[in-house]
Each structure stands twice: as C-alpha cells, then as structure tokens.
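Colleague: got a structure for you, letters missing:
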C-alpha cells in the first residue's frame, strides 16, 4: 500500500465578497477516503455585505449570483456536518480564518476539526517552492494540474490534489503530514545535536549523523544512539561511520532530493571512507540489538 492510499480528509475553499474575511460568498469542499473522491459540496452564500469590484473580477461572483442563496447561518449546520471530526485541508490559513471569523460574526459554532495547510505541505515536499511560489495556482502548475482558479470547489479539489501528490512524493500519509508540518522546512539546517557515546555500549566507537525527517525527535534519536555507545555529530566528516536517513527520505534519493549530508557521505565513500548509510528503521533495530547485548 502506498502512502497515497488510506488517505481520509476534507479539502475546503471559500471566496469572499470583499476584503472582510467574514463576507463569504461561496464555499466548496471535497472529501477523499482511501484515495477516492467520495463527495463534493458547494454553495453560494449571501454574505449580507457589499461586493467589491476587485473581488468580483477575481471570482466573477456578484449580487446577482447570490440572489436567493442562503446566508452563512443558513448553511452553518450542514457545513459542520461535513467538517466536524475530520482532517480539513486548506491552502494557507485564509479559508480557516474566514470560516472562524464568519462563525464569530454570525454567532455559530466553528468546526471541531483538525486543520492541515496544503501550502505548508508543498513547501516541505518540493524544494523549488520551499521559499516562494507556493501559491495554489503556482504549485498546481508545477504539478501539471489544471483547474479554474477562484472557484471554491475547483480550488478545494486543487488543494486535495496537492496533498495526494505530496503523500506520493514523500511517503508520508496524512497523519505523518500533521506531524511534519510542525517541523522546520529544511530539517538539515536545524540546530545540530551532539552526544558522546556510552563507553560501555555495544556500538562504542561508531560516529553517527542523522539526516532527513525521522519518526522521532532528533534529540531522542541522539539519546538512543549515545545509549548504545555511538558518538553523535552534527555534520558528515571523514570520522563519520554511520549516516541515518529518515525512512521517507530514502524514497526520494534521486538528484537534489538527497540532503547535503547524504551527498557529502557519498562523496567521502567514493574516496574510501568507511561510512555506512542506513534508514532509521534499520538503525533502531541496531540499537535494539545493542541494548539486548548490553
């Protein structure tokens, strides 16, 4: 089963009538379960507010479009039925804030859901959009996904597509991404953690360096390594003997997807250095056996 299987989430997008985020005039959402689109829902909303010409030029929605449409309080219960107790994806926090602000304005309840930002996912998946160009349209263009931008349902589908593509590219599922988005974009640039190894440990004499996204905190991994005798270093040198690569990162080993530490280790190996590259799961097994022997 690939990471793109078993995905269950809702993606949502809203359009507003003017610069006030509470002026929601369209909502679109999609739900995916086990990598299948299981439903779509969209509605125009009477924002009970004015339409700014700038916004109308973006999405094409004006007073005549929403004539007879329900107000936000009129769709609040149905919206909550779709969102409560779900992982809800939006591209940047705009849509989340708009819904929460509208709920406050109209005295309805905000959804009891777990939010996941597909822009943060994109920035951690594709290096070329890590520091710019991670808007919904720009990311989808890079991925070859065509859609009608500024239509709420189309934008929701686009955000969902980004999540699916990122899961396939990274090896992470939605649960994994909920954890990954809380961590730095460039994990290799995080403050290095160093440890001296337990001299009585089964792996005393090994010098380990970690790279990529691990399933546990880097400091916890360093503590494990040190407990069985490994010295833990922040960077790869000729003294390094073990490079531990995060499990998901090993699936992206082509070209620039390798971290700088990984490329440096391969360079030193080509010159005769005795460095072993292994994935996190294999390293944890080494630690387990080392503890048993200790």
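Modeller: Now that the structure is in, tell me what you want to look at. Computed from a predicted structure; not experimentally measured.

Colleague: What segments of the protein are strands?
Modeller: Assigned strands in the chain, in chain order: 8-16, 24-33, 36-44, 87-90, 114-117, 207-211, 231-232, 242-245, 276-279 (criterion: DSSP state E).

Colleague: Looks like residue 76 contacts residue 110 (just checking).
Modeller: No - between residue 76 and residue 110 there is no contact, the gap being 9.8 Å when judged by Cβ atoms under 8 Å. Glycine gets a C-beta too; all of them are placed from N, C-alpha and C.

Colleague: Of these two, which one has the most company?
Modeller: Legend: neighbour count by other Cβ atoms under 10 Å for residue 76 and residue 110, higher for residue 76 (20 against 15).

Colleague: show me the residues around that one that make contact.
Modeller: The neighbours of residue 76, taking Cβ atoms under 8 Å, 6 or more residues apart in numbering as the test, are 103, 106, 108-109.

Colleague: and those as a markdown table, adding neighbour count?
Modeller: Below are these laid out as a markdown table (neighbours: other Cβ atoms under 10 Å):
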| residue | neighbour count |
| --- | --- |
| 103 | 19 |
| 106 | 15 |
| 108 | 18 |
| 109 | 11 |
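
Colleague: okay, and the common contacts of residue 76 and residue 110?
Modeller: Between them, residue 76 and residue 110 share the contacting residues residue 103, judged by Cβ under 8 Å, 6+ apart.

Colleague: what sits up against stretch 230-237?
Modeller: Here stretch 230-237 makes contact (Cβ under 8 Å, 6+ apart) with 192-197, 201, 203-204, 206-210, 222, 225-226, 239-240, 242-243, 261, 264-265, 268, 275.

Colleague: coming back round to it: for residue 178, which of the strands of the chain is the nearest?
Modeller: Set against residue 178 and scored by Cβ to Cβ, the strands of the chain come closest in strand 114-117, at 6.1 Å.

Colleague: same for that closest one, what does it pack against?
Modeller: The contact analysis (3 or more Cβ pairs under 8 Å, 6 or more residues apart in numbering; DSSP states H and E) places strand 114-117 against strand 87-90, helix 174-180.

Colleague: Got a quick PyMOL command for the buried subset of the contacts of stretch 230-237?
Modeller: Selecting the buried subset of these in PyMOL, with 16 or more other Cβ atoms under 10 Å as the burial test, is done by:
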select buried, resi 193+195+197+201+203+206+207+208+209+210+222+225+226+240+242+243+261+264+265+268+275
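
Colleague: Show only the entries of the contacts of stretch 230-237 found in helices.
Modeller: Counting by DSSP state H, the contacts of stretch 230-237 place 222, 225-226, 261, 264-265, 268 in helices.

Colleague: Residue 227 contacts residue 199, correct?
Modeller: No - checked against Cβ under 8 Å, the pair residue 227 and residue 199 is beyond contact range at 11.6 Å.

Colleague: Comparing these two, which residue is more hemmed in?
Modeller: More neighbours sit around residue 227 than around the other of residue 227 and residue 199, counting by other Cβ under 10 Å; the figures are 18 against 8.

Colleague: I'd like the distance between residue 264 and residue 236.
Modeller: 4 Å (Cβ to Cβ, to the nearest Å).

Colleague: What of residue 74?
Modeller: According to Cβ to Cβ, residue 74 stands 60 Å off from residue 236.

Colleague: So between the two, which is more surrounded?
Modeller: The residue with the greater number of neighbours, taking residue 74 and residue 236 and applying other Cβ under 10 Å, is residue 236; the counts read 23 against 14.

Colleague: so how far is the longest helix seen in the chain from its chain's centroid?
Modeller: Among the elements of the chain assigned as helix by DSSP H, the one spanning the most residues is helix 152-170. Mean C-alpha position of helix 152-170 versus that of the full chain (Cα atoms, centre = their mean, to the nearest Å) differs by 11 Å.

Colleague: contacting residues around residue 63?
Modeller: residue 51.

Colleague: 10 Å - rerun?
Modeller: Neighbour list for residue 63: 17, 25, 46-47, 50-51, 56 [criterion: Cβ atoms under 10 Å, 6 or more residues apart in numbering].

Colleague: Also residue 137?
Modeller: Counted by Cβ under 10 Å, 6+ apart, residue 137 has contacts 91, 145, 147, 149-150, 155, 158.

Colleague: Please repeat the previous calculation with a cut-off of 7 Å.
Modeller: The neighbourhood of residue 137, defined by Cβ atoms under 7 Å, 6 or more residues apart in numbering, consists of residue 149.

Colleague: Likewise for residue 130?
Modeller: When contacts are counted by Cβ under 7 Å, 6+ apart, residue 130 touches 123, 185.
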